[in-house]
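>>> generate a structure from the sequence data that follows.
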Amino acid sequence: MDNKKRKFKEYNKQMFRDYKKSIKHAVFDETLTLYILRPIAFIFVKMFYPTSITPNQVSLMTTIVGIISGYFFSRGDVVSFVIAGSLYFLSMVLDCVDGMIARLKNSGTPVGRIIDGVSDYIVGISVYIGMGIGFGKGLIDIDFLPFNYWWFLLIAAISHIAHAMLVDYYRAEFMAHGLGKQTSTWEEKEKFTDELNKIKHQKGKLFEKILIAVYLGYSHLQLFKMDVNMNAKEEYKRLTYFNSNKLLIRLWFWIGPTAGAFIIIISAFLFRPIIFFVFTIGLANIYMIILWIIQVKTNKKILIKNKNL
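Sure, this is the predicted structure:
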């Protein structure tokens, strides 16, 4: 019995070590991702890890499940919305799995990270288009909207993207300046620019070139939205940045991609799109503007060097 207990205890310790190795730094993850999605995703990680399934193949699974979710949203009835919400949740879980496997196998690549991001956008587009088609079936109450629901969906989608970009930007900056765990958005832009210049004349790498070009466009837009000098590198004292931003980054997470997706899922389960519209277009945008003003003022106070390179 003692031997069984010892083996069970050792097994649990090993599982915990694997789990810790598979996740990002705790500060890096959105709260809902860290405490809900990743524990569930780890079940899939343990299933896929012994196989030859690659992180990029898991990203493909994520995309397929997300597209199917969009299809069920397009059906427009109560049961289909519940199925759609469930599949959307599954795609979010799988979206965690690819990175967790990459960290366990130490097989992550910059292009793989871009593929993961592209997958997120394909899933998001599928869900939004699916909801729009579903609303058009007339089975769900959208009479509260003062004009065509497609315009509201467009505004909600743009809002969702803006929230995601801001959260992604400040998360990357926190990891770079507050924890020293990765390069900043500015440095990432420079790194991928160098990579694109390196492969642009090589044959057979069209897919990688397109992905890197898309990522550079995304990074450029992030820096533009943040009112950052494109040719300037911002520098801070690490401990000062950490202490000044540790609460702010947690506050950003409540309008991150995961939070927005959870609102869509809750709205789908309850068959109440008003919850989604009020949060995404109303509450989240007000929250974003207030938090952004606080963030900019905070970072200006602790900026120690801004030099042209």
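
>>> now do the helices in this protein.
2-22, 31-32, 38-48, 55-75, 78-105, 110-135, 149-173, 185-199, 206-225, 238-252, 257-270, 273-277, 284-302 (DSSP state H).

>>> these into CSV, with extra columns for distance to residue 179?
Any C-beta I mention is one placed from the backbone N, CA and C, and that applies to glycine too. What follows is the helices of the chain, written out as CSV (distance: least, C-beta to C-beta, whole Å):
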stretch, distance to residue 179
helix 2-22, 16
helix 31-32, 17
helix 38-48, 19
helix 55-75, 23
helix 78-105, 16
helix 110-135, 18
helix 149-173, 10
helix 185-199, 14
helix 206-225, 19
helix 238-252, 7
helix 257-270, 20
helix 273-277, 33
helix 284-302, 15
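
>>> need the nearest residue in space to residue 275, chain neighbours excluded.
The shortest distance from residue 275 to any non-neighbouring residue, by C-beta to C-beta, 6 or more residues apart in numbering, is to residue 267 (4.5 Å).

>>> pretty sure that neighbour contacts residue 278?
No: here residue 267 lies out of contact with residue 278, judged by C-beta atoms under 8 Å, at a distance of 9.6 Å.

>>> the two - which one has more neighbours?
residue 267 (22 against 15; other C-beta atoms under 10 Å).

>>> dump the helices of the chain into JSON lines; add distance to residue 141 and mean pLDDT as well.
As requested, the helices of the chain are exported to JSON lines (distance: least, C-beta to C-beta, whole Å; pLDDT from 0 to 100):
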{"stretch": "helix 2-22", "distance to residue 141": "42", "mean pLDDT": "72"}
{"stretch": "helix 31-32", "distance to residue 141": "27", "mean pLDDT": "91"}
{"stretch": "helix 38-48", "distance to residue 141": "32", "mean pLDDT": "93"}
{"stretch": "helix 55-75", "distance to residue 141": "16", "mean pLDDT": "96"}
{"stretch": "helix 78-105", "distance to residue 141": "11", "mean pLDDT": "94"}
{"stretch": "helix 110-135", "distance to residue 141": "10", "mean pLDDT": "87"}
{"stretch": "helix 149-173", "distance to residue 141": "11", "mean pLDDT": "92"}
{"stretch": "helix 185-199", "distance to residue 141": "42", "mean pLDDT": "64"}
{"stretch": "helix 206-225", "distance to residue 141": "35", "mean pLDDT": "59"}
{"stretch": "helix 238-252", "distance to residue 141": "33", "mean pLDDT": "94"}
{"stretch": "helix 257-270", "distance to residue 141": "12", "mean pLDDT": "96"}
{"stretch": "helix 273-277", "distance to residue 141": "8", "mean pLDDT": "95"}
{"stretch": "helix 284-302", "distance to residue 141": "22", "mean pLDDT": "95"}
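
>>> what's the local residue count around residue 13?
Neighbour count of residue 13, defined by other C-beta under 10 Å: 10.

>>> check contacts around residue 164.
256, 257, 260 (C-beta atoms under 8 Å, 6 or more residues apart in numbering).

>>> repeat for residue 48
Under the criterion of C-beta under 8 Å, 6+ apart, the neighbours of residue 48 are 58, 97, 101.

>>> same thing with residue 255?
163, 166, 167, 284, 287, 288, 291.

>>> which one is the most centrally placed residue in the chain nearest to, not counting chain neighbours?
The centroid of the chain falls nearest to residue 257 when counting by C-alpha atoms, centre = their mean (5.1 Å). Nearest residue to residue 257, sequence neighbours excluded (C-beta to C-beta, 6+ apart): residue 164, at 4.6 Å.

>>> measure the one you found to residue 77 for me?
29 Å (C-beta to C-beta, to the nearest Å).

>>> how near is the residue nearest to residue 21 when sequence neighbours are not counted to residue 246?
Closest residue to residue 21 apart from its sequence neighbours, by C-beta to C-beta, 6+ apart: residue 104 at 5.9 Å. Residue 104 sits 27 Å away from residue 246, going by C-beta to C-beta.

>>> compare those two (neighbour count), which wins?
Using other C-beta under 10 Å, the more surrounded residue of residue 104 and residue 246 is residue 104, with 20 against 13.

>>> just to revisit the earlier point, thought the residue nearest to residue 21 was touching residue 22?
Yes: with contacts counted by C-beta under 8 Å, residue 104 reaches residue 22, the gap being 5.0 Å.

>>> which neighbours do the two have in common?
Contact criterion C-beta under 8 Å, 6+ apart; residues shared by residue 104 and residue 22: residue 45.

>>> I'd like to know how many residues surround residue 103.
Using other C-beta under 10 Å, residue 103 has 16 neighbouring residues.

>>> could you find the closest non-adjacent residue to it?
Per C-beta to C-beta, 6+ apart, closest to residue 103 is residue 22, 5.3 Å.

>>> check contacts around that neighbour.
Contacts for residue 22 (C-beta under 8 Å, 6+ apart) come out as 38, 42, 45, 100, 101, 103, 104.

>>> appreciated, that's everything.
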